[in-house]
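Colleague: Prediction below, plus the sequence it came from.
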Amino acid sequence: MRKIPLNALEQKAKEISKKTLGDYILPDETLSQLASGVIIDGDDRVFVLFIPKELAKDTVDILRIRMNIYSGDGFVEYVGLERKK
């Protein structure tokens, strides 16, 4: 089975992110601070939106999406925001 390129996984993760974040409160001050990164975890790539801090241990995760490099399947692993009512 062939690996799906990282840019294709990233594009799909962005689509999942947009759909997911629409259900949550995302203050402008938080939005302006967001950074993104990718964590390699075996056959998965975890796309993370986070608020960076001086020390890595103080970083605040906002959203994590886990994508499989072979199937292209992805799901929301964590959302660190309050849901809209």
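Modeller: Perfect, I can see it now.
Colleague: make it CA atoms for all contacts and neighbour counts henceforth
Modeller: OK.
Colleague: Need the three-state assignment for the closest residue to Met1 other than its chain neighbours.
Modeller: Nearest non-adjacent residue to Met1, counting by CA to CA, 6 or more residues apart in numbering: Tyr70, 6.6 Å away. Assigned with DSSP: H, G, I helix; E, B strand; the rest coil, Tyr70 falls in the coil class.
Colleague: contacting residues around the closest residue to Asp73 other than its chain neighbours?
Modeller: Once flanking residues are discounted, Asp73 sits nearest to Met67: 5.6 Å by CA to CA, 6+ apart. Residues near Met67 by CA atoms under 8 Å, 6 or more residues apart in numbering: 9, 13, 44-47, 73-75.
Colleague: Tell me which two of these sit farthest apart.
Modeller: Spatial extent of these (CA to CA) is set by the pair Phe47 and Asp73 at 12.9 Å.
Colleague: hmm, back to that, I'd like the distance from the residue nearest to Asp73 to Val79, if you could.
Modeller: 15 Å (CA to CA, to the nearest Å).
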